[in-house]
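Trainee: structure of the sequence below:
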Amino acid sequence: MNKTYLNTDLTDKRIAVLLSGGVDSSVVVYELAQRGLHPDCFYIKIGPEQEEEWDCTSEEDLEMATAVARRYECKLEVVDCHKEYWDQVTRYTMDKVRAGFTPNPDVMCNRLIKFGTFHEKRGKDYDLIATGHYAQTEEDEEGRKWLVTSPDPVKDQTDFLAQIYDWQLRKALFPIGHYQKGKVREIAEREHLINAKRKDSQGICFLGKINYNDYIRRYLGEAPGEVLELETGKLIGKHRGLWFHTIGQRHGLGFGGGPWYVVKKDVAANVLYVSKGFEPRTAYKKDFPIHDFHFLTLDLWGAPGTSARVRFKIRHTPEYHPATLERTSEGSFIVHADELIQGVAPGQFCVVYDEEHHRCYGSGEITV
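Mentor: Residues are numbered from 1 along each chain as shown. Alright, predicted model coming up:
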């Protein structure tokens with residue numbers, strides 16, 4: 001039988017909880033308290049630079065986290081990871097968007113900050129690091145630990161965790177990962193947690209209410225260029241910077257006579273190509289390469305030419321797409337999807353699962 005959180009003895013484990021002030025991580029503390037545990041809680045301090053006037057919820061977050069930790073007689077410590085976030089995650093994001101790619105800051109935040117910088121500063125003193133992610137782990141008969149999906153397909157966050165290192169996964173604990181979101185809310189309300197009715201955070205991890213485009217504009221500014229119709233070369237309008245757009249986008253373009261879909265970026269010429277009509281064929285792909293594939297637990301593929309049936313996703317949606325994954329070289333694969341996939345964009349992570357979309361094998365970056 002595979003070992004999961006529910007049948008794991010945590011009695012002698014030193015556990016650190018990343019307590020954000022939101023309802024999910026608060027129910028994590030409750031769950032551990034129900035086992036008679038009093039884990040140490042940590043609030044990771046990250047936000048805009050002090051001189052910025054962006055609206056941030058960090059003060060309220062800390063108040064909520066403090067109240068929850070106090071209720072369950074847990075220590076709470078603030079760990080400042082501000083500099084590391086802006087040095088590492090922001091640099092990654094800006095380098096990618098400047099090159100015309102579609103990055104995912106939340107994915108790298110988990111690897112570099114929550115299970116990275118925090119581990120270096122405090123987490124190394126603990127056996128396990130618990131978070132409020134909607135994900136699970138299981139240990140197989142050989143003692144290998146796997147990342148597995150949550151029963152809530154809408155909230156499942158394994159895609160955001162698919163770039164963490166194997167040693168980070170071995171220390172990860174997801175005490176609410178076996179719940180549906182509705183159950184977590186129900187527990188919070190039943191236990192009268194201070195944040196039971198608090199809305200889920202939206203947008204980029206740790207940025208509070210900061211708009212993503214404002215985040216990009218702060219570092220890269222604007223670089224106006226032409227918007228052309230792909231099929232005809234007709235000038236449709238102007239864009240303020242290729243980095244404000246992603247392949248497959250159709251909302252927020254502001255051009256008449258649409259709907260228009262972003263289908264291509266020419267970074268060298270600073271031209272954005274769009275196509276008209278109802279989901280044009282040019283916005284779809286069936287076959288696309290991925291590189292720098294990161295295996296979470298085990299490389300299941302052999303020599304180049306080896307292939308296997310999988311499920312995958314390229315964005316944070318409930319859908320898992322069936323495909324054949326073919327290895328082309330070390331770390332590189334081609335995804336052969338069964339159906340046309342809309343909005344495949346370079347820089348996105350393609351997250352790969354088994355055919356039952358239960359175990360997450362890892363992820364690679366799309367290179368088309």
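Trainee: buried residues in the longest helix anywhere in the chain?
Mentor: In the chain, ranked by residue count with DSSP state H as the criterion, the top helix is helix 58-71. By 16 or more other C-beta atoms under 10 Å, the buried positions in helix 58-71 come out as 58, 61-62, 64-66, 68-69, 71. Yep, even glycine has a C-beta here, placed from its N, CA and C like the rest.
Trainee: taking these together, which two end up most distant?
Mentor: Put simply, by C-beta to C-beta the two of the buried residues of helix 58-71 set farthest apart are Ser58 and Arg71, 20.5 Å from each other.
Trainee: before we move on, back to that, ok, so of the buried residues of helix 58-71, who is nearest Phe160?
Mentor: Out of the buried residues of helix 58-71, the member with the shortest distance to Phe160 (by C-beta to C-beta) is Asp61, at 18.8 Å.
Trainee: excluding its backbone neighbours, what's nearest the closest one?
Mentor: Distance criterion C-beta to C-beta, 6 or more residues apart in numbering; nearest residue to Asp61, sequence neighbours excluded, is Gly21 at 3.2 Å.
Trainee: before we move on, back to that, who touches the longest helix of the chain?
Mentor: 19-22, 25-26, 29, 41, 43, 45-47, 75-76, 78, 193-195, 198, 208 (C-beta atoms under 8 Å, 6 or more residues apart in numbering).
Trainee: and Tyr92, that's in a helix?
Mentor: Yes: the assignment for Tyr92 (DSSP: H, G, I helix; E, B strand; the rest coil) places it in a helix.
Trainee: so who does it touch?
Mentor: Counted by C-beta under 8 Å, 6+ apart, Tyr92 has contacts 103, 105, 108, 112.
Trainee: tabulate these (a markdown table), appending distance to Pro151.
Mentor: Below are the contacts of Tyr92 laid out as a markdown table (distance: C-beta to C-beta, whole Å):
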| residue | distance to Pro151 |
| --- | --- |
| Pro103 | 29 |
| Pro105 | 27 |
| Met108 | 26 |
| Leu112 | 28 |
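Trainee: what subset of those residues is buried?
Mentor: Applying 16+ other C-beta under 10 Å to the contacts of Tyr92 flags 103, 105, 108, 112 as buried.
Trainee: what average pLDDT does the helix or strand hosting the third one get?
Mentor: With elements delineated by DSSP states H and E, Met108 resides in helix 105-109, which encompasses its position. Taken as a whole, helix 105-109 has a mean pLDDT of 91.
Trainee: can you put the buried residues of helix 58-71 in TSV and add pLDDT and distance to His82?
Mentor: Output for the buried residues of helix 58-71, formatted as TSV (pLDDT from 0 to 100; distance: C-beta to C-beta, whole Å):
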residue	pLDDT	distance to His82
Ser58	75	10
Asp61	88	14
Leu62	91	13
Met64	93	19
Ala65	95	16
Thr66	96	19
Val68	96	22
Ala69	97	21
Arg71	96	27
